[in-house]
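>>> sequence? don't have it. structure:
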């Protein structure tokens, strides 16, 4: 029974999988960048607390949706180096989403929280650049 369930789960995930496309990458890239935009909006005090939280919550939902679509992409057709960099990019994107969620959830605007966010976004930017360079070099 357990083996049948595993096969069914693999089949269901495979049916949802789609090829990695520039649109998937662009969507994830745009929405993760939107998290930093929302953070800047919140800490610059351009809004009252509820408007900033609404913007942050919306940014989280959008980034998570883009991440969910990206994680389902098939990577077995990609060159090995590109597939590894895609995986690293997904991990750094997830890290940004999680740290942003924690920062907003704590409502903390301390220097420590901002340093964590900036470090996470710096890693995300680096992995994105490495991925793009790798894709361009394989063309």
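That came through fine. All figures in this text were calculated on a predicted structure; none of them were measured in a lab.
>>> Give me the distance from the strand or helix carrying residue 61 to the chain's centre.
Secondary structure here is read from DSSP states H and E; on that basis residue 61 sits in helix 49-71. Going by C-alpha atoms, centre = their mean, to the nearest Å, the spacing between the C-alpha centre of helix 49-71 and its chain's C-alpha centre is 10 Å.
>>> likewise stretch 97-110?
Distance, stretch centre to chain centre, for stretch 97-110: 15 Å (C-alpha atoms, centre = their mean).
>>> Give me the buried stretch members for that stretch, please.
Within stretch 97-110, the residues that count as buried by 16 or more other C-beta atoms under 10 Å are 97, 99, 100, 101, 103, 104. For the C-beta atoms, the positions are set from N, CA and C on the backbone; glycine is no exception.
>>> and the last one, how far is that from residue 93?
Computed with C-beta to C-beta, to the nearest Å, the distance linking residue 104 and residue 93 is 17 Å.
>>> Ok, residue 24 next?
According to C-beta to C-beta, residue 24 and residue 93 sit 12 Å apart.
>>> which of those two has more neighbours?
Set side by side, residue 24 and residue 93 show more neighbours around residue 93, with 25 against 17, by other C-beta atoms under 10 Å.
>>> Not including adjacent chain positions, what is the nearest residue to that one?
With C-beta to C-beta, 6 or more residues apart in numbering as the measure, residue 32 is the residue that lies nearest to residue 93, at 5.1 Å, once sequence neighbours are left out.
>>> which secondary structure elements does the strand or helix carrying that neighbour contact?
Residue 32 is part of helix 22-43 when elements are defined by DSSP H and E. Applying 3 or more C-beta pairs under 8 Å, 6 or more residues apart in numbering; DSSP states H and E, we find helix 22-43 packed against helix 49-71, helix 80-106, helix 111-137.
>>> and the first one, which residues are buried?
Pointing back at helix 49-71 there. Going by neighbour count (16+ other C-beta under 10 Å), the buried part of helix 49-71 is 52-53, 55-56, 59-60, 62-63, 66-67, 69-71.
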